[in-house]
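S.K.: fold the following for me, if possible:
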Amino acid sequence: MSDSNLEADGTSGYDTDNSTQRQPPQSGVEQESITDVLTKPLTQAYVKAIVALYALLGAGMGLMVIFGNVIDQAILDVPGSGGDLLALTFAQIPISTAPYIAALLALFVGGYLGNRMGVDDRQTMITGAAGTLAGTVVLWVLSSFLAASQIDSISIDVAGLIVNGIVLGLLVGGIAAGTVYVMRNLVPDGQQATA
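M.R.: As a prediction, this is how the structure comes out:
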């Protein structure tokens with residue numbers, strides 16, 4: 001938590017008295033638009049790094065399915081299944097778990113940004129939300145396409161995947177933004193917690 005989040009008298013803002021907690025911005029103060037915040041170089045650099053991490057994870061999850069089928073040797077022989085039961089099950093893992101992994105990563109991304117990004121809360125929350133939203137779509141699409149490419153009898157509805165990725169990405173972005181808020185406003189500062 002930064003010193004700007006503390007009152008002038010040094011209280012931590014965790015008292016039961018609401019007068020020591022952070023006040024919302026004044027209505028006369030004009031805030032930058034979300035577009036302005038997203039065009040700042042620092043915001044863009046963090047968003048690019050977040051999306052790259054999600055893309056790396058998506059590619060890794062998809063490649064795991066591809067390399068899991070490199071040797072055409074069935075691990076489990078199920079009569080009547082043509083040996084594809086295990087491959088189908090293995091391919092479904094990235095497709096079905098990618099959104100949950102993205103949500104878990106959003107906690108780490110929000111925590112990291114909340115501690116490391118040296119700008120105001122709003123810009124940091126927008127950065128985390130935008131990065132994890134885009135990262136979720138990239139993660140899910142990339143891992144799903146790579147995984148589905150290994151199964152002959154499976155096809156992906158691209159439009160449905162992208163729309164669902166955006167909707168779930170909005171929720172994941174909310175997790176990242178909420179984590180930034182929690183890290184900056186609710187987690188006690190280690191030096192002040194000893195009092």
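S.K.: now V187: which helix or strand?
M.R.: When secondary structure is defined using DSSP states H and E, no element contains V187, which sits outside every helix and strand.
S.K.: look up phi and psi at it.
M.R.: Backbone dihedrals for V187, given as degrees, to the nearest 10, come out at phi -80, psi 120.
S.K.: give me the pLDDT value at it.
M.R.: The predicted local confidence for V187 comes out at a pLDDT of 77.
S.K.: point to the helix or strand of the protein where mean pLDDT is at its lowest.
M.R.: Ranked by mean pLDDT, DSSP states H and E, the helix or strand of the chain with the weakest confidence is helix 41-68, at a mean of 81.
S.K.: helices and strands around that one, which ones?
M.R.: Taking 3 or more CB pairs under 8 Å, 6 or more residues apart in numbering; DSSP states H and E as contact, the helices and strands that helix 41-68 lies on are helix 34-38, helix 84-116, helix 121-148. Bear in mind the C-beta positions are built from the backbone N, C-alpha and C, glycine included.
S.K.: buried residues in that helix, which are they?
M.R.: Across helix 41-68, burial judged by 16 or more other CB atoms under 10 Å covers 43, 46-47, 50-51, 53-55, 57-58, 61-62, 64-65, 68.
S.K.: in three-state terms, label G118 for me.
M.R.: Assigned by DSSP: H, G, I helix; E, B strand; the rest coil, the conformation of G118 is coil.
S.K.: quick one, phi psi at it?
M.R.: Dihedral angles phi and psi of G118 (degrees, to the nearest 10) take the values phi -90, psi 50.
S.K.: what's the pLDDT at it?
M.R.: If you check G118, the pLDDT there is 92.
S.K.: that one and R184, how far apart?
M.R.: With distances taken as CB to CB, to the nearest Å, G118 is found 11 Å from R184.
S.K.: which one's more surrounded, those two?
M.R.: Of the pair G118 and R184, R184 is the one with more neighbours under other CB atoms under 10 Å, namely 22 against 8.
S.K.: quick one: low-confidence parts of the chain?
M.R.: Under the criterion of pLDDT under 70, the regions of the chain flagged as low confidence span 1-28, 64-65, 67-86, 190-195.
S.K.: now do stretch 49-68: everything it contacts.
M.R.: 87, 90-91, 93-94, 98, 101-102, 105, 109, 128, 131-132, 134-136, 138-147, 149-150 (CB atoms under 8 Å, 6 or more residues apart in numbering).
S.K.: how about a cut-off of 7 Å?
M.R.: If you take CB atoms under 7 Å, 6 or more residues apart in numbering as the criterion, stretch 49-68 is touched by 90-91, 94, 98, 101-102, 109, 131-132, 134-136, 138-140, 142-143, 145-147, 150.
S.K.: W140 versus the residue nearest to P99 when sequence neighbours are not counted, what's the distance?
M.R.: Leaving aside its sequence neighbours, P99 sits nearest to L168 (CB to CB, 6 or more residues apart in numbering; 4.7 Å). Relative to W140, L168 is positioned 7 Å away (criterion: CB to CB).
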